[in-house]
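Asker: Predicted model follows, preceded by the sequence.
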Amino acid sequence: MSYNASDYELLQFRKQMEEVEKAPLAERKEGAVAWYDALMNDHMGVAQKVGWLLYGNYGGGSFDSACRVLASPRMNQVAWCAITIANLEWRCPAKMAIMAWKKLPVEKRYLTNEAIRQEIADAKREGYCG
């Protein structure tokens, strides 16, 4: 079987995501703490990194995956982007990213949601990802 460049990048993205999920518990916990800290203290920085994801700065595989998610109106796009960026940037596994999110005060969740929604809207308006 032969792979083209985009298939290879997608495989690399999936492999990177899986590596974080299978990392030693201490590393996963460290990533979760860092992710929670970012959510609490720098929601605009979190959103900025989601923007980087949507503009392809994390590679073609993650960009193609993000574009597929943004093309699907039934997907929770904000949640997918947040979980993915938690994994890519803070090496926080999905389940721990969700747990950290649920611990946030409601106002912090709202601010982060809105900032990520704005990054998604900007990417779409500028012709990235749909």
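Answerer: Ah, there it is.
Asker: what bits of this protein have low per-residue confidence?
Answerer: 1-3, 5, 130 (pLDDT under 70).
Asker: mind listing the helices for it?
Answerer: 5-21, 25-41, 43-54, 60-70, 77-90, 94-103, 106-125 (DSSP state H).
Asker: do you know how far residue 124 is from residue 98?
Answerer: As judged by CB to CB, to the nearest Å, residue 124 and residue 98 stand 25 Å apart. In this view, the C-beta of every residue, glycine as well, is placed from N, C-alpha and C.
Asker: next one: residue 4
Answerer: For residue 4, the distance to residue 98 - CB to CB - is 33 Å.
Asker: Of these two, give the one with the bigger neighbour count.
Answerer: residue 98 (15 against 8; other CB atoms under 10 Å).
Asker: which residue sits closest to that one, ignoring its sequence neighbours?
Answerer: For residue 98, ignoring the flanking residues on the chain, the nearest one in space by CB to CB, 6 or more residues apart in numbering is residue 83 at 6.9 Å.
Asker: still on that earlier bit, and the helices of the chain, which is most packed in?
Answerer: Highest mean neighbour count of these: helix 77-90, a mean of 22 (counted as mean count of other CB atoms under 10 Å).
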